[in-house]
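A.B. asks: requesting a structural model of the entry that follows:
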Amino acid sequence: MIFGFPSREFGWQEFAKNDAIAEFAKKKEFPGIMMKLGKVKGEEAPELWRFFQDETDAADPLWNFQGKFLVSKTGVVSEPTNVVADIDYLINEESSEVENSIHSFDIIP
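C.D. replies: Below you'll find the model as predicted:
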């Protein structure tokens, strides 16, 4: 599952409204869940983002597209070192309950 965390913290490059973000994601056929516009730095970041950071000891991203996390089917969160290889490895991992445990975070419907 792919989560997108739109943020205007990096040169105001993101759209300013959730509706515009959702429309753009749909047009580009984004295959995941788009979170509501927010921050990815500090305590104002969404709970899910902060959880990913806490699990990996990741620092706040310095620029957009720097923050990437992978979650295995067994629930282990990691920062990819080789995105393609790491995703291939996770795709072939055994299934678990993780996919069914996604809570109702701040997503764009």
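
A.B. asks: could you give the separation of stretch 36-51 from the chain centroid?
C.D. replies: Offset of stretch 36-51 from its chain centre (CA atoms, centre = their mean, to the nearest Å): 10 Å.

A.B. asks: actually stretch 2-17, not the one I typed
C.D. replies: On CA atoms, centre = their mean, the centre of stretch 2-17 falls 12 Å from that of its chain.

A.B. asks: next, the distance between the ends of stretch 73-88.
C.D. replies: 12 Å (CA to CA, to the nearest Å).

A.B. asks: list the buried residues in that stretch.
C.D. replies: 78, 86 (16 or more other CB atoms under 10 Å). Placement of C-beta: from N, CA and C, glycine included.

A.B. asks: gap between that stretch and the chain center?
C.D. replies: With CA atoms, centre = their mean, you get 13 Å for stretch 73-88.

A.B. asks: now the farthest one out in the chain, which residue is it?
C.D. replies: residue 94 (21.6 Å; CA atoms, centre = their mean).

A.B. asks: so residue 21 makes contact with residue 30?
C.D. replies: No. Applying CB atoms under 8 Å as the test, residue 21 and residue 30 come out as separate, 9.6 Å apart.

A.B. asks: tell me which of those two has more neighbours.
C.D. replies: residue 21 (20 against 14; other CB atoms under 10 Å).

A.B. asks: regarding the more buried one, what is its secondary structure?
C.D. replies: Following DSSP: H, G, I helix; E, B strand; the rest coil, residue 21 is assigned to helix.

A.B. asks: and the strands in this protein?
C.D. replies: With DSSP state E applied, the chain shows strands at 3-4, 33-34, 70-71, 77-78, listed in chain order.

A.B. asks: can you list contacts of the last one?
C.D. replies: Contacts of strand 77-78 from elsewhere in the structure, counted by CB atoms under 8 Å, 6 or more residues apart in numbering, are 51-52, 55-56, 69-72, 86.
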